[in-house]
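S.K.: Here is a sequence together with a model predicted from it:
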Amino acid sequence: MAVQKRLAAALLLLLALAALFAGGTVRAQDTVATAGGVTVSVAEVEAVLATLPEAERTALAADPAALARIVRTYMAERLLLKAGRDEGFEARPDISAKLARARDALLMDLFLQSKDGPAATAPSDTDVRALYEASKTKLVAPARYRLAQIFIAAPAGQTSSPKLDEVTAKLKARGATSETGFAALAKAYTDSKTEAARGGEIGWLAEPSIAPEIRAALKDLKPGGVTAPVRLANGWHIVRLMEVQPAGTTAVPYDTVKDQLAAQLKRQRIDAARQDYVSGLIGKDGIAIDDAALTALAARVK
């Protein structure tokens, strides 16, 4: 009953929105939006909303502005489709093949979803707690680093930079790597405007979120130390280690990770159920491949 009331509320809101556009009594087939020679009906938007999770539909029922954004987004999609079809884009052989493959991929995914069964239900608190106990060694809070940096942007493949050379030379001056000295250089040279305003400071980062190359450069530093320039895809990073919070020694509290663990367990069960279903389709004898045909195919795709 509660679900029906929420869906009814969503539909009433759709009809009310259509009334704003049409200015009168609304029927399901009435137009809710018009642009570029394309019209969108209340029934069409209702069909789009039906594909959303219940929680999202409920939220939309209480938020006319968000519902209006859904309508605008759907209208933009319709206009794009019309433009592509008017140009005969979908009739191109290469595009037609990709569309067919995309349709097949979506159909397979939706079909597998229909086979999820009990695996798609939320796991019990008992099962989630069991996963928590089994994962405690991995649920220790990681080390955290408070960092500042001077970032010199450079395209991939560029091996030198006059600006980098200038900064590197200035960092050798007395006091240049102190907190105030480094901040002054960052304000003058870093290519990140946001960080420049903060004297190069990035803030606190958990160890896993730091690029591996920078983590390696920080490994032997003490607070106040500055790395040599570290080359990443977007340019050079000269990083100052300001503070360190060591990794924890005990697992984080259950309540802080139970939702994450529940989602992980549900995903694992769904993946296992789908794998079992596909394995059943393949059969116990597996997939037989003709080696001669495979060799001939390999020769053709070179």
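M.R.: Happy to help now that I have it.
S.K.: Please parse the chain into its domains.
M.R.: Domain assignment for the chain by automatic domain parsing gives 2-90, 92-140+253-302, 141-245.
S.K.: give me the element Ala148 is part of.
M.R.: strand 144-153 (DSSP states H and E).
S.K.: Output the domains of the chain in TSV, with mean neighbour count and mean pLDDT appended to each entry.
M.R.: From N, CA and C alone the C-beta is placed, and that goes for glycine too. Formatted as TSV, the domains of the chain follow (neighbours: other CB atoms under 10 Å; pLDDT from 0 to 100):
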stretch	mean neighbour count	mean pLDDT
domain 2-90	14	75
domain 92-140+253-302	11	94
domain 141-245	16	96
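S.K.: what comes into contact with the strand holding Ala148?
M.R.: Here strand 144-153 makes contact (CB atoms under 8 Å, 6 or more residues apart in numbering) with 161, 163-164, 167, 182-183, 185-186, 189-192, 195, 198-207, 210, 218, 229, 234-245.
S.K.: May I have the strands that pair with it, each with its orientation?
M.R.: Paired strands of strand 144-153, with direction, are strand 201-206 (antiparallel), strand 235-245 (antiparallel) (DSSP bridges).
S.K.: what distance separates it from the middle of the whole chain?
M.R.: Centroid displacement of strand 144-153 relative to its chain, using CA atoms, centre = their mean, to the nearest Å, is 24 Å.
S.K.: before we move on, what about stretch 50-65?
M.R.: On the basis of CA atoms, centre = their mean, the separation between the geometric centre of stretch 50-65 and that of its chain is 21 Å.
S.K.: got the end-to-end distance for that stretch?
M.R.: 18 Å (CA to CA, to the nearest Å).
S.K.: please begin residue numbering at 36 from this point
M.R.: Fine by me, first position is 36 from now on; the one you just mentioned is stretch 85-100.
S.K.: can you give me the helices for the chain?
M.R.: Assigned by DSSP state H, the helices in the chain fall at 37-57, 77-85, 89-96, 99-121, 128-149, 160-169, 197-205, 214-224, 228-232, 247-253, 289-317, 326-335.
S.K.: what packs against the longest one?
M.R.: In terms of contacts (3 or more CB pairs under 8 Å, 6 or more residues apart in numbering; DSSP states H and E), helix 289-317 is packed against helix 128-149, helix 160-169.
S.K.: Of these, give the one that comes closest to Gly259.
M.R.: Nearest to Gly259 among the helices and strands packed on helix 289-317 is helix 160-169 (38.1 Å), distances taken as CB to CB.
S.K.: which strands and helices sit next to the closest one?
M.R.: The contact analysis (3+ CB pairs under 8 Å, 6+ apart) places helix 160-169 against helix 289-317.
S.K.: Tell me what angle the helix it packs on forms with helix 128-149.
M.R.: With axes from the mean of the first three to the mean of the last three CA atoms, to 10 degrees defining the directions, helix 289-317 sits at 110 degrees from helix 128-149.
S.K.: quick check, distance from helix 289-317 to the centre of its chain.
M.R.: Distance, stretch centre to chain centre, for helix 289-317: 19 Å (CA atoms, centre = their mean).
S.K.: Can you check what angle separates it from helix 160-169?
M.R.: With the same axes, to 10 degrees applied, the angle from helix 289-317 to helix 160-169 works out at 100 degrees.
S.K.: Please tell me how far the residue of the chain positioned farthest from its centre sits from Ala263.
M.R.: Residue distances from the centre of the chain (CA atoms, centre = their mean) peak at Arg209, which lies 44.1 Å from the mean C-alpha position. As judged by CB to CB, to the nearest Å, Arg209 and Ala263 stand 19 Å apart.
S.K.: Lys293 now?
M.R.: 42 Å.
S.K.: again, but for Asn269
M.R.: Computed as CB to CB, the Asn269 to Ala263 distance reads 17 Å.
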